[in-house]
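Novice: fold the following for me, if possible:
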Amino acid sequence: MCFKKKNGDEINSAGNLNLFPEFFSEETQKKIKEAFEITDEFAYILSKYGWYISANMSWVFVFEVFRAAKNNDNSFINNNMTCYYRDNLGIIQKQIIEKFPERMQIISEAFEAHRREMYFSSTALFLTQTDGLCKGRLFRHKKARQLLMNEKKRRSIFEAVLYNESAINVDTRKTDKSEFKSDLNRHAVLHGLDTSYSNEINSLKALSILCFVADYLES
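Specialist: Residues are numbered from 1 along each chain as shown. Sure thing, here's the model as predicted:
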């Protein structure tokens, strides 16, 4: 069962985390702002599970997922993130194509492959398009990622999440990967090392990082 939003949960989205309605009391606004100070940390923790937030998620949903990540509740995270990306597939496709129209054909093919349950293809295509948006430096070593960060005007959450090592970009030669809760790895997928990643969750995880980059990486 997916986490259900209550009335009013869509007041703010994760893409606009610093705006607070005036009808919140001063004390409530203060508590919310204090909570948002740990957003970057929790977003990075979530990336260890192979998932990334969308700027269109309600902040209530985001913090429910962040809390689950802090509590090591992998089942809750997978269930609810899967529900979110599955339910919003069409909207996400439309938004990415509108933002990057030059990629329309390949983005459309990636989504079509996902809908046809061709998860080997969709996962690989989502990952390559993410890499392309970041000029091929997102999944490389830390120095290359820093060059990308230096070139872009970015929200702090983008830097906090993608500058650090996560499940999707951890070196496949690393022997101790116990801190990561996801087996999906870009290098292993695109270099043919992993032959068992074909499932809906992995395809949606790959979509989630594409969505995250498309939402938070400013052109």
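Novice: what mean pLDDT does the helix or strand that contains T128 get?
Specialist: Assigned by DSSP states H and E, T128 belongs to helix 119-133. Averaged across helix 119-133, the pLDDT comes to 94.
Novice: buried ones in that helix?
Specialist: Residues of helix 119-133 classed as buried: 119-131, 133 (neighbour count, 16 or more other C-beta atoms under 10 Å). In short, each C-beta sits where N, CA and C put it, glycine included.
Novice: closest one to K70 out of those, please.
Specialist: Using C-beta to C-beta, T130 comes nearest to K70 of those, at 25.4 Å.
Novice: the closest one contacts S208, correct?
Specialist: No. In terms of C-beta atoms under 8 Å, T130 does not count as a neighbour of S208; the distance is 9.7 Å.
Novice: poorly predicted segments of this protein, please.
Specialist: Flagging of the chain using pLDDT under 70 yields the residue ranges 1-38, 136-181, 218-219.
Novice: for it, what spans make up the helices?
Specialist: Assignment of helices within the chain using DSSP state H yields the ranges 26-36, 39-47, 59-70, 74-87, 89-99, 104-115, 119-133, 142-151, 156-162, 186-190, 200-216.
Novice: do I have it right that A188 meets D194?
Specialist: Yes. Counting by C-beta under 8 Å, D194 is a contact partner of A188 at 3.9 Å.
Novice: what is the neighbour count of Y216?
Specialist: Neighbours of Y216 under the rule other C-beta atoms under 10 Å: 23.
Novice: gap between it and Y52?
Specialist: Using C-beta to C-beta, to the nearest Å, Y216 is found at 9 Å from Y52.
Novice: same check, this time on S196
Specialist: Look at S196 and Y52: by C-beta to C-beta, they are 22 Å apart.
Novice: now swap in L184 and tell me
Specialist: Per C-beta to C-beta, L184 is found 12 Å from Y52.
Novice: and if you look at E41?
Specialist: In terms of C-beta to C-beta, E41 sits 15 Å off from Y52.
Novice: same thing with T128?
Specialist: The gap separating T128 from Y52 is 16 Å, by C-beta to C-beta.
Novice: check F212 too.
Specialist: Applying C-beta to C-beta to F212 and Y52 gives a distance of 4 Å.
Novice: so which of the two has more stuff around it?
Specialist: Comparing F212 with Y52 by other C-beta under 10 Å, the one with more neighbours is Y52, at 26 against 23.
Novice: would you agree the more buried one is in contact with D215?
Specialist: No. Assessed by C-beta under 8 Å, Y52 is found out of contact with D215, at 9.1 Å.
Novice: pick the most deeply packed of the helices of the chain.
Specialist: A comparison of the helices of the chain by mean neighbour count, using mean count of other C-beta atoms under 10 Å, puts helix 200-216 on top with a mean of 24.
Novice: now for the helix holding T128, which elements pack on it?
Specialist: Contacts defined by 3 or more C-beta pairs under 8 Å, 6 or more residues apart in numbering; DSSP states H and E place helix 119-133 against helix 104-115, helix 186-190, helix 200-216.
Novice: switch the cut-off to 6 Å
Specialist: If contacts are counted by 3 or more C-beta pairs under 6 Å, 6 or more residues apart in numbering; DSSP states H and E, helix 119-133 sits against helix 104-115, helix 200-216.
Novice: out of those, which comes closest to K48?
Specialist: Of all those, helix 200-216 sits nearest to K48, with 11.8 Å by C-beta to C-beta.
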